[in-house]
Each structure stands twice: as C-alpha cells, then as structure tokens.
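In: structure of the sequence below:
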Amino acid sequence: MSNAISILFPKISLFAWICNSAVAEYDAATANWGSDWRMPTREEWQELYQNTTHTWTTQNGVNGRLFTASNGNSLFLPAAGCRYNSSLYYAGSDGDYWSSSLYSGGPYNAWGFYFNSSGSGMRYYYRYYGQSVRPVCSSR
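Out: Numbers count the residues shown, from 1 in each chain. Down below sits the predicted model:
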C-alpha cells in the first residue's frame, strides 16, 4: 500500500521525510518544483496570520481562507483537507499546510498551519500525514 507522502510527493521517500531534518533536499516544494522553491517556515506562516486580515470565503466554488495585507495584496488558501493512509479527510472544511519547521518535541512531527471556518493557527502534525504544500519562491 502506498503512503500519503509517496502519493503526493513521489520524489521523496517516506523514510527520508520522517528521519531527516527539514533541509532543502527533503523539502517537498524544492523536490517537486526545483531549487527556487521551498516550503514556508513556521515563522513565515505566523507572519502571514499576524499581518493580514483573514476571512472564511468561497472562491470559484472552493471553500478556504482569504488573507489580505494592508497593501491590498491577498492570498487564497483552499480548504483542501488532509490525507491519512489512502483516505481524504475534511476537504472543503479544513486547510492543513506544511511548514518546513520541525517540532522540537519529537522527530516524527513538524509544524503546520491550519484553518477552518472558525479560525486558524499553528499546530504540529505527524510527518506522515498528507498535508497541502503552498510553495514560496526563494529568489526574486
């Protein structure tokens, strides 16, 4: 049976994702989109949350959160749910996005940004869960 990591990110083995620190060669965004792309850190997700207004909305029939900065720039994140084993959970009601930051309480966990219609914030997840990845470009 396939695991969520290999389904979502075929260039990364489950062993590499669980056993290694969050460095570029094990970053899902880097592995799939190249060296200019990476997953945001825990601090960058917190900065997004703290420096924007965020509202639950539907765009083009897709539920999610819209984050709007004071300069008018905005980012829509779909409530894509998450995968565990081969099942999809909470699609349309929750968004769960990986950060590149490991959780210091154990090597099997990493920080992620979550949201639903009630709010949003940071929490840690087992690294074998299938969460969404919102890449950021490292070079401009």
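
In: could you point out where the protein is predicted with low confidence?
Out: Counting by pLDDT under 70, the chain shows low-confidence ranges at 1-26, 140.

In: may I have the beta-bridge partners of the residue nearest the centre of it?
Out: Residue closest to the average C-alpha location in the chain (C-alpha atoms, centre = their mean): Tyr97, at 1.9 Å. In this structure, Tyr97 bridges to Phe113, Ser132 when assessed by DSSP bridges.

In: I figured it hits Ser120, correct?
Out: No - Tyr97 is beyond contact range of Ser120, at 10.0 Å (criterion: C-beta atoms under 8 Å). No exception for glycine: its C-beta is placed from N, CA and C like everyone else's.

In: what do the two both touch?
Out: Common neighbours of Tyr97 and Ser120, counting by C-beta atoms under 8 Å, 6 or more residues apart in numbering, are 113-114.

In: what ranges does this protein have for its strands?
Out: With DSSP state E, the ranges of strands along the chain come out as 37-38, 53-59, 62-68, 74-78, 82-84, 87-89, 94-102, 109-116, 119-126, 136-137.

In: give me every residue that touches the residue nearest to the centre of the chain.
Out: Counting by C-beta under 8 Å, 6+ apart, Tyr97 makes contact with 45, 77, 112-114, 131-134.

In: how about Glu44?
Out: Glu44 makes contacts with 99, 136, as judged by C-beta under 8 Å, 6+ apart.

In: bridged to the closest residue to Val62 other than its chain neighbours, which residues?
Out: Closest residue to Val62 apart from its sequence neighbours, by C-beta to C-beta, 6 or more residues apart in numbering: Pro78 at 5.0 Å. Beta-bridge partners recorded for Pro78 (DSSP bridges): Gly64.

In: right, and Pro78 touches Asn63 too?
Out: Yes - applying C-beta under 8 Å, one finds Pro78 in contact with Asn63, separated by 7.3 Å.

In: overlap in contacts, the two.
Out: Counting by C-beta under 8 Å, 6+ apart, Pro78 and Asn63 have no shared contacts at all.

In: quick revisit: among the strands of the chain, which comes closest to Ala31?
Out: For the strands of the chain, the distance to Ala31 is smallest for strand 37-38, at 9.2 Å, taking C-beta to C-beta.

In: nice, that's everything, thank you.
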